[in-house]
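In: Mind folding the following:
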Amino acid sequence: MSLSREIMCSVTVAVSLAFSLLGCAS
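Out: Below is the predicted model of the structure:
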């Protein structure tokens, strides 16, 4: 349970960072 929660949290952070970089690039 906690492992999947950590994975989801890290994925959410990675996605938000990717969107931020895309926003800065464009």
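In: could you say which helix or strand contains residue 14?
Out: helix 2-25 (DSSP states H and E).
In: mind listing what's buried in that helix?
Out: Neighbour counts over helix 2-25 (16 or more other C-beta atoms under 10 Å) mark no residue as buried. From N, CA and C alone the C-beta is placed, and that goes for glycine too.
In: now that helix: mean pLDDT?
Out: For helix 2-25, the mean pLDDT works out to 93.
In: and it, what does it pack onto?
Out: For helix 2-25, there is no helix or strand it packs on, judged by 3 or more C-beta pairs under 8 Å, 6 or more residues apart in numbering; DSSP states H and E.
In: from the middle of its chain, how far away would that helix be?
Out: Its chain's C-alpha centre and that of helix 2-25 lie 0 Å apart, by C-alpha atoms, centre = their mean, to the nearest Å.
In: Kindly export that helix (C-alpha atoms) in PDB.
Out: C-alpha atoms of helix 2-25 as PDB (Å, rounded to 0.1, in the frame of the first residue of the first chain):
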ATOM      1  CA  SER A   2       2.600   2.500   1.100                       C
ATOM      2  CA  LEU A   3       4.900   1.500  -1.800                       C
ATOM      3  CA  SER A   4       2.200   2.200  -4.500                       C
ATOM      4  CA  ARG A   5       1.400   5.500  -2.700                       C
ATOM      5  CA  GLU A   6       5.100   6.600  -2.900                       C
ATOM      6  CA  ILE A   7       5.100   5.600  -6.600                       C
ATOM      7  CA  MET A   8       2.000   7.600  -7.300                       C
ATOM      8  CA  CYS A   9       3.400  10.600  -5.400                       C
ATOM      9  CA  SER A  10       6.700  10.500  -7.300                       C
ATOM     10  CA  VAL A  11       4.800  10.100 -10.600                       C
ATOM     11  CA  THR A  12       2.600  13.100  -9.800                       C
ATOM     12  CA  VAL A  13       5.700  15.200  -9.000                       C
ATOM     13  CA  ALA A  14       7.400  14.100 -12.200                       C
ATOM     14  CA  VAL A  15       4.300  15.000 -14.300                       C
ATOM     15  CA  SER A  16       4.000  18.400 -12.600                       C
ATOM     16  CA  LEU A  17       7.700  19.100 -13.200                       C
ATOM     17  CA  ALA A  18       7.300  18.000 -16.900                       C
ATOM     18  CA  PHE A  19       4.400  20.400 -17.400                       C
ATOM     19  CA  SER A  20       6.300  23.200 -15.800                       C
ATOM     20  CA  LEU A  21       9.300  22.600 -18.100                       C
ATOM     21  CA  LEU A  22       6.900  22.400 -21.100                       C
ATOM     22  CA  GLY A  23       5.300  25.700 -20.100                       C
ATOM     23  CA  CYS A  24       8.700  27.400 -19.700                       C
ATOM     24  CA  ALA A  25       9.800  26.000 -23.100                       C
END
